[in-house]
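**Q** Any chance you could fold what I've pasted below:
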Amino acid sequence: MGQTVVHFEIIGTDPAKLRGYYADLFGWEFHVGDAATEAVSQPGNYGFVAGTTTGNGTGINGGIGGGPGYDRRVLFYVGVPDVEAALRKAESLGGTRRMGPEPASGGDLAVGQFTDPEGNLIGVAGPPA
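**A** Below is the predicted model of the structure:
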């Protein structure tokens with residue numbers, strides 16, 4: 001069985017405006033705090049949406065963040081048992097590591113990002129090393 005998508009992310013230069021847009025569009029409610037790392041979003045400017053609060057409660061968790069100086073993007077994260085190993089495998093198959101794992105230690109979550117051979121940005125998330 002394959003690994004599942006565990007988180008989506010929408011990053012922009014005005015996260016508050018984006019959160020308002022998606023709240024109005026889809027009825028999402030956000031808890032604003034810190035992303036797993038400043039490489040993803042400005043501290044205190046990442047809005048988490050819980051999948052259990054959307055639709056029939058079976059959605060995936062997500063977040064909207066960023067801030068001035070962050071590249072706009074939409075991506076998803078796949079849950080993996082070892083972020084570093086997943087990034088190495090992505091590279092061995094022709095992908096390019098873009099970030100991570102971050103944080104390298106501490107915290108309860110590590111994240112990484114890579115581009116596939118076509119240049120699409122993909123995230124991986126799992127327990128810290």
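
**Q** Just the mean pLDDT for stretch 102-116, thanks.
**A** Averaging pLDDT along stretch 102-116 gives 86.

**Q** Other residues contacting that stretch?
**A** 36-37, 39-40, 75, 77, 83-84, 86-87, 90-91, 94-101, 121-129 (C-beta atoms under 8 Å, 6 or more residues apart in numbering). In short, each C-beta sits where N, CA and C put it, glycine included.

**Q** Would you mind writing the CA trace of the longest helix belonging to the chain as PDB?
**A** Longest among the helix segments of the chain by residue count, using DSSP state H, is helix 15-26. This file holds the C-alpha atoms of helix 15-26, laid out as PDB (Å, rounded to 0.1, in the frame of the first residue of the first chain):
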ATOM      1  CA  PRO A  15      -1.400  35.000   4.100                       C
ATOM      2  CA  ALA A  16      -4.200  36.800   6.000                       C
ATOM      3  CA  LYS A  17      -5.800  37.800   2.700                       C
ATOM      4  CA  LEU A  18      -5.500  34.200   1.400                       C
ATOM      5  CA  ARG A  19      -7.000  32.800   4.600                       C
ATOM      6  CA  GLY A  20     -10.000  35.200   4.300                       C
ATOM      7  CA  TYR A  21     -10.400  34.200   0.600                       C
ATOM      8  CA  TYR A  22     -10.500  30.400   1.400                       C
ATOM      9  CA  ALA A  23     -12.600  30.900   4.500                       C
ATOM     10  CA  ASP A  24     -15.200  32.700   2.400                       C
ATOM     11  CA  LEU A  25     -14.800  30.300  -0.500                       C
ATOM     12  CA  PHE A  26     -14.900  26.900   1.300                       C
END
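
**Q** can you pull the buried residues of stretch 37-51?
**A** 37, 40-42, 45-49 (16 or more other C-beta atoms under 10 Å).

**Q** Which of the residues you listed fall within strands?
**A** Among those, DSSP state E puts 46-49 in strands.

**Q** pLDDT for those - can I get that in JSON lines?
**A** Shown next, in JSON lines, are these (pLDDT from 0 to 100):
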{"residue": "Tyr46", "pLDDT": "96"}
{"residue": "Gly47", "pLDDT": "95"}
{"residue": "Phe48", "pLDDT": "95"}
{"residue": "Val49", "pLDDT": "94"}
